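> Sequence first, then the predicted structure, then my questions.
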Amino acid sequence: MITRIIVSTVASLFVASIAFSQTKYSRLRSPSPTPSPTPQQKTAPVQTPSPPPQQRTTSAPRTAPAPTVAKPTPTPVPPPDVKAYLDRQVANSKDKKFHLSVNGKDLALTPFHVWAQKSTGADSTSTCIDMKSDDGRIYDIDFVTTGPQVTGVKIHRINGESLR
């Protein structure tokens with residue numbers, strides 16, 4: 001008798017789990033529940049009066065959103081080559097030195113070391129170049145560039161001492 005109760009309980013649990021799992025899984029598969037059509041009753045169908053022709057509303061057909069127009073990518077401006085600028089200045093001088101006027105005096109400098117270029121803003125960079133004068137002083141000179149052109153030259157240090 002106990003075995004019959006156990007067998008019937010297991011069978012009913014098995015059948016119940018299959019029945020409820022089908023409902024559970026079928027709901028997960030569809031993204032939104034759709035109502036099932038109901039069978040029509042055998043009574044006379046109810047007719048709704050249609051609106052007069054001038055009151056009919058038509059919905060505008062749905063249109064797909066306009067595709068976004070891709071903007072062309074701006075051509076990147078290569079960083080200015082300060083060394084090439086310096087080479088042009090040295091090549092155009094008679095004594096093959098870079099000339100800089102300081103306090104109204106002409107200072108002839110010979111470049112000997114070019115440091116790495118640093119970004120100082122959105123479109124500006126700074127490059128430090130070490131130069132030696134005829135009297136033996138060492139000048140650290142910053143070449144400031146904006147876009148593709150050298151826009152400023154200033155002395156940063158003299159013999160390793162910062163200018164104030």
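Structure received.
> contacts, neighbours, all on C-alpha from now
Noted.
> Other residues contacting the one helix or strand Val90 maps to?
Following DSSP states H and E, one finds Val90 within helix 82-92. Contacts to helix 82-92, defined as Cα atoms under 8 Å, 6 or more residues apart in numbering, come from residues Lys96, Lys97, Phe98, Val114, Thr127, Phe143, Val150.
> residues touching the spatially closest residue to Asp130 that is not a sequence neighbour, list them.
Spatial nearest neighbour of Asp130, excluding adjacent residues (Cα to Cα, 6 or more residues apart in numbering): Asp140 at 4.6 Å. Taking Cα under 8 Å, 6+ apart, we find Asp140 in contact with Cys128, Ile129, Asp130, Met131, Ile155, His156, Arg157, Ile158, Gly160.
> I'd like to know how far Asp140 sits from Asp95.
Look at Asp140 and Asp95: by Cα to Cα, to the nearest Å, they are 21 Å apart.
> Just the helices from this structure, written as ranges.
2-29, 82-92 (DSSP state H).
> and those, which one is worst for confidence?
Note on those: lowest mean pLDDT is at helix 2-29, with a mean of 72.
> Thank you kindly, that will do.
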